[in-house]
Structures are given as C-alpha cells and as structure tokens.
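**Student:** What would the 3D arrangement of this be:
(one chain, ligands or ions: 2)
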Amino acid sequence: MANNMRVTVTGGAGFIGSHLVDLLIEKGYQVIVVDSLEKQVHRGKKPSYLNKKAKYIFDKCEKKDVLKKYIPKTDILIHLAASVGVGQSMYQIKKYIKGNTYATASILEYLSSHCHKIKKILVASSMSIYGEGKYYCSKDGVFNPQIRTEKQLSTGNWDYKCPSCGKNLVPIATSEDKPLYPTSIYAVTKRDQEEMVHIIGKAYNIPTVALRFFNVYGSRQSLSNPYTGVLAIFASRLLNNHSPVIYEDGNQTRDFINVSDLVRGILLAMKDDKANGKSINLGTGIATSVKMIASIMQQHILKDGDITITNRFRNGDIRHCFADITLAKKLLGFKPKIRLKNGLLDYIEWLSTQESADNFAKVEKELKMKGLV
Ligand SMILES: NC(=O)c1ccc[n+]([C@@H]2O[C@H](COP(=O)([O-])OP(=O)(O)OC[C@H]3O[C@@H](n4cnc5c(N)ncnc54)[C@H](O)[C@@H]3O)[C@@H](O)[C@H]2O)c1
Ligand SMILES: [Zn+2]
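**Tutor:** Ligands and ions are numbered 1, 2, ... in the order given. Okay, the predicted model is just below:
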C-alpha cells in the first residue's frame, strides 16, 4: 500500500489514535484526524501532544457536514472514535448507542450513498465482546462459560468449576472463534460496530478489518476519564496518594498490551490484504493478574502502603480473558515486543509528569446507587 495514501483516523486525538497518527506520519502517510475532543476525555482542552503534521477536524465524525469534508479526501478510514467506558455504559445507555453504534451507522450510510475512493476500513473492536474468556478441563475439554451469576459471586467463589467433573477450570487463550457474550452496553456497541462494518464492507466491496484490542496501556491515556481502563484508574488513585482498589481477590487476569505494540498491529492490518474481512485479536497472549499490576504500580509510585483488596465484586466483570494471537501472527506477522515490566516503568515515568483528579469514589458511588457494585 503506497505511502501517498491518505489515512483518516477518527478519534485521532485520543490515547490510541494519537499514537497511531504519530506512527502513520513517521511512515510517510498523509493523515487527517477527526476528533470532537470529548469533554470527559480531554477536559475541554486540546491535548499538547497532537502531531503537527496531521490535518485536524475538531468535530463529530458522524455529522453529515463533517463527513462531507473528510470522506472525499480519504483512501483508508480507521475508525477509533467512540465513547469508552464499560461501567458508564450501563446507565448512560443512549450515549453509548449514539456515540458508537449510531455514529458508525451514520458513517456507513454516508458511504453507501456518496461517491468515495475508500479502499479499506478498519474499526476498533474490543476484547469486551467475548465476555468471559475460554477455559479448559483436562478431562472434559474446552468451555466457553457465560458470565458468573450474582449468586455465585455473593458467596466469594470467584473461579469457574467444570460443569461435568467439578474440578477448577483453567483459563486458556481466547481465540476469535469463541462465541461472543457481551456483558455491557459498551461491549454490545463494539460488537455492533464490528458487525456493521464487515456487513456493509462486503455489500459495497470495501475491504474491512475489525481489530479486537485487549487492555491497552501507555502514555496519553486519559486520567480524567474515570471510566476507562483499570491501569488509568489505578494511576489516578496513586497520583492522589490513594492505594488502588481491587475487586474480588485480585487474581483475575487480563492481557495488557503496550500502545506502541498495538499501533504497530493496526498498521500491519492496514497494509496487509490478508487481514481483509477478518476480526483479529490484538493482545500479547500473556495473562497478568490485576493484583500484580496494582502492586508494581503501588511500589513504584507510592513506595509504601498496601493495595486494597475488597473481596467485593462488580456485576458484569469477567474473571479471566487473554488473547490467542495466533491469527495476528499468522496473517500479519504481528509480534508484541514490549515486556510488561518495561512498558509499565515507562508508563509510570510518564505518569510522574501528569496531574489527575481521583474520581474513583464518585464513580463507585454512582455504580452503588444503581446497584451495579
Ligand atoms: N484503551 C483500551 O484499552 C481499548 C480496548 C479495546 C478497545 N478500545 C477502543 O479503541 C478506540 C480508542 O480508544 P482510546 O482508549 O484511545 O479512547 P480515547 O477516549 O482516548 O479516544 C477516543 C477519542 O475519540 C474521540 N471521540 C469520541 N466520540 C467521537 C465522535 N463521535 N466523533 C469524533 N471523535 C470522537 C474522543 O474525543 C477521543 O479523543 C475506541 O474505539 C475504544 O472502544 C480501547
Ligand atoms: Zn471436567
């Protein structure tokens, strides 16, 4: 794919988008960013890290008069703009449907009825669409369990047992063919975005790729948005001298991928036709416990004190999910390079230049009032 291609990145002023824009520009692409600088993420300010070599449209990417400006100039569309927040999506339901499902629908409808030269669309999907990850029993094989019931969680039994023999199930890497069991409105909208993009792409002969990001971390992740990833939430607590608060027993695991590895994966998927028509995991393939991450951050930021393990739970939380990255390796030659410990140290160094309000108590109060925690 030639470098004189014009790539439009919606959400390109955000955490992942801005790193992607830097990489695209470094590789010689012309880049247009369409970003509405959402208040919850940017606190009403233009971020200082924006790459000066990109062109910017600071507006909603789904508005007709905005589409009119950028679609005719776009060769490749990378749609990252979204409302991002699992917990918040459970009570601001319309905001998430509008910002994610409806916004994507508007872009696709525009393409269906206007001339354009778009050669490929990539869309940001999420590991959240899987719900629980995959599990294995040495006697009875693979299981794809549904979310744990409130009854189970209220007894403090966090782990899954094999429904046939009763032994503890072992979490295994989650591959793209696992049935999708979204457990939040956010996840439903991510699945919607993925499916809509593939369906319209197929109907109108536009190659499409959906990338299922796992837990992405790194500099520029909004610390003011209290609804985003677990690392940013821990960070904003630690920066305010509060220990991270951990639900359940802390042994739940996630797959933490450094943003620089992730954006390399997006670029590979953009360039390689083998990804076309596919939904592909982008993670590291390594499971790390939430307790471990919290301890490392606590040690390096606060130096003393303990992490707080609550043994309480949030409805809808999954126990384990980490990526099977065989497909990304096979189709794209994708290989994450950054080891978590090194990536975390870099992240912590960046954090030391940041200020942040600790919104954890406010969010927990909201969730409590709604009976979600
Ligand atoms: N961060 C993660 O761990 C993670 C994991 C899985 C999937 N994702 C997906 O990756 C994408 C990027 O997430 P992020 O972590 O960089 O979040 P972010 O909030 O930092 O970035 C999103 C950007 O989109 C902009 N935006 C939101 N709605 C818009 C609209 N209608 N029009 C134009 N701009 C709009 C925001 O202002 C923001 O700059 C999202 O689609 C998200 O669902 C992120
Ligand atoms: Zn069994």
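**Student:** And the strands in the stretch 51-200 of the chain?
**Tutor:** Assigned by DSSP state E, counting those that start in this stretch, the strands in the stretch 51-200 of the chain fall at 55-57, 76-79, 120-126, 134-137, 141-143, 170-172.
**Student:** could I get stretch 98-116 in PDB with only the CA atoms?
**Tutor:** What follows is stretch 98-116, C-alpha atoms only, in PDB (Å, rounded to 0.1, in the frame of the first residue of the first chain):
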ATOM      1  CA  LYS A  98     -25.300   7.100  19.900                       C
ATOM      2  CA  GLY A  99     -21.500   7.500  20.200                       C
ATOM      3  CA  ASN A 100     -20.700   4.000  18.900                       C
ATOM      4  CA  THR A 101     -23.400   2.100  17.200                       C
ATOM      5  CA  TYR A 102     -25.300   5.100  15.700                       C
ATOM      6  CA  ALA A 103     -22.100   7.100  14.800                       C
ATOM      7  CA  THR A 104     -20.700   4.100  12.900                       C
ATOM      8  CA  ALA A 105     -24.100   3.600  11.200                       C
ATOM      9  CA  SER A 106     -24.100   7.200  10.100                       C
ATOM     10  CA  ILE A 107     -20.600   6.900   8.500                       C
ATOM     11  CA  LEU A 108     -21.600   3.700   6.700                       C
ATOM     12  CA  GLU A 109     -24.800   5.100   5.500                       C
ATOM     13  CA  TYR A 110     -23.000   8.100   4.100                       C
ATOM     14  CA  LEU A 111     -20.600   5.800   2.200                       C
ATOM     15  CA  SER A 112     -23.500   3.800   0.800                       C
ATOM     16  CA  SER A 113     -25.000   6.900  -0.900                       C
ATOM     17  CA  HIS A 114     -22.000   9.100  -1.800                       C
ATOM     18  CA  CYS A 115     -19.000   8.800  -4.200                       C
ATOM     19  CA  HIS A 116     -15.800   8.000  -2.400                       C
END
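**Student:** Buried residues in it, which are they?
**Tutor:** 98-101, 103-108, 110-111, 116 (16 or more other Cβ atoms under 10 Å). For the C-beta atoms, the positions are set from N, CA and C on the backbone; glycine is no exception.
**Student:** Show me those that map onto helices.
**Tutor:** Using DSSP state H, the subset of these located in helices is 103-108, 110-111.
**Student:** hang on, the earlier thing: dump the strands of the stretch 51-200 of the chain into JSON lines; add mean pLDDT, distance to Val31 and mean neighbour count as well.
**Tutor:** Formatted as JSON lines, the strands of the stretch 51-200 of the chain follow (pLDDT from 0 to 100; distance: least, Cβ to Cβ, whole Å; neighbours: other Cβ atoms under 10 Å):
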{"stretch": "strand 55-57", "mean pLDDT": "98", "distance to Val31": "7", "mean neighbour count": "16"}
{"stretch": "strand 76-79", "mean pLDDT": "98", "distance to Val31": "9", "mean neighbour count": "25"}
{"stretch": "strand 120-126", "mean pLDDT": "98", "distance to Val31": "14", "mean neighbour count": "24"}
{"stretch": "strand 134-137", "mean pLDDT": "98", "distance to Val31": "37", "mean neighbour count": "20"}
{"stretch": "strand 141-143", "mean pLDDT": "97", "distance to Val31": "42", "mean neighbour count": "13"}
{"stretch": "strand 170-172", "mean pLDDT": "98", "distance to Val31": "38", "mean neighbour count": "17"}
